[in-house]
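Student: below are the sequence and a predicted model for it; my questions follow.
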Amino acid sequence: MPSTRNRRGAIQVVTAPYAASFTPDLSLGDDLLFDMLLTGNVSVQNPALIDDGKEFTLRFRDDGGGRTITFAGSALRGSTDTPLAPATLSPGSAAYYAFKVNVPAGKCDHVAPNKGFS
């Protein structure tokens, strides 16, 4: 997966090629933004839980087909404030999902959703 880093402490954008099953690779750096153009539905799997407190964001962009995102990994955890439910994007829209690694709990806590960008 190609990635770019502008400067120390900046968001590192990782372009993830489309795959029906996607596992974020948190070993690629800090402050990661995984960007994927969806040409089909995607199921997000558990990343390796390294570096307690590490933050990462998933950005999914729809190619125009109204794609569905599901979170299959048992370590991906939502809360009552930020539930982590399957989502179907509107054609041509984008959605962001932000997570923070919680090593003691063995989870990646979903801290912020943002959907519906078009």
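Tutor: That came in fine, so what should we check first?
Student: just the residues contacting the host helix or strand of A98, thanks.
Tutor: Using DSSP states H and E, A98 sits in strand 94-102. Around strand 94-102, the neighbours that count as contacts under Cβ atoms under 8 Å, 6 or more residues apart in numbering are 26, 49-62, 69, 76-77, 84, 87, 89, 108-118. From N, CA and C alone the C-beta is placed, and that goes for glycine too.
Student: from the residues you listed, which ones fall inside strands?
Tutor: Per DSSP state E, strands hold the following members of those: 55-62, 69, 76-77, 87, 108-117.
Student: which intervals of the protein have sub-threshold pLDDT?
Tutor: 1-8 (pLDDT under 70).
Student: list the residues that contact the residue sitting nearest the centre point of the chain.
Tutor: For the chain, the residue nearest the mean C-alpha position is L58 (2.4 Å; Cα atoms, centre = their mean). L58 is in contact with 24, 34, 36, 44, 96-99, counting by Cβ under 8 Å, 6+ apart.
Student: is it in a bridge, and if so with what?
Tutor: Per DSSP bridges, the residues bridged to L58 are F34, Y97.
Student: with F22 instead?
Tutor: Beta-bridge pairing for F22 (DSSP bridges): V44.
Student: neighbours of it, how many?
Tutor: When neighbours are defined as other Cβ atoms under 10 Å, F22 has 22 of them.
Student: residues touching it, list them.
Tutor: 16, 34, 36, 42-45.
Student: same thing but 10 Å
Tutor: Counting by Cβ atoms under 10 Å, 6 or more residues apart in numbering, F22 touches 16, 34, 36, 38, 42-45, 47, 58, 60, 69, 72-73.
Student: swap in S118?
Tutor: By Cβ under 10 Å, 6+ apart, the residues touching S118 are 62, 89-94.
Student: let's see it at 8 Å
Tutor: Listed by Cβ under 8 Å, 6+ apart, the contact set of S118 reads 90, 92-94.
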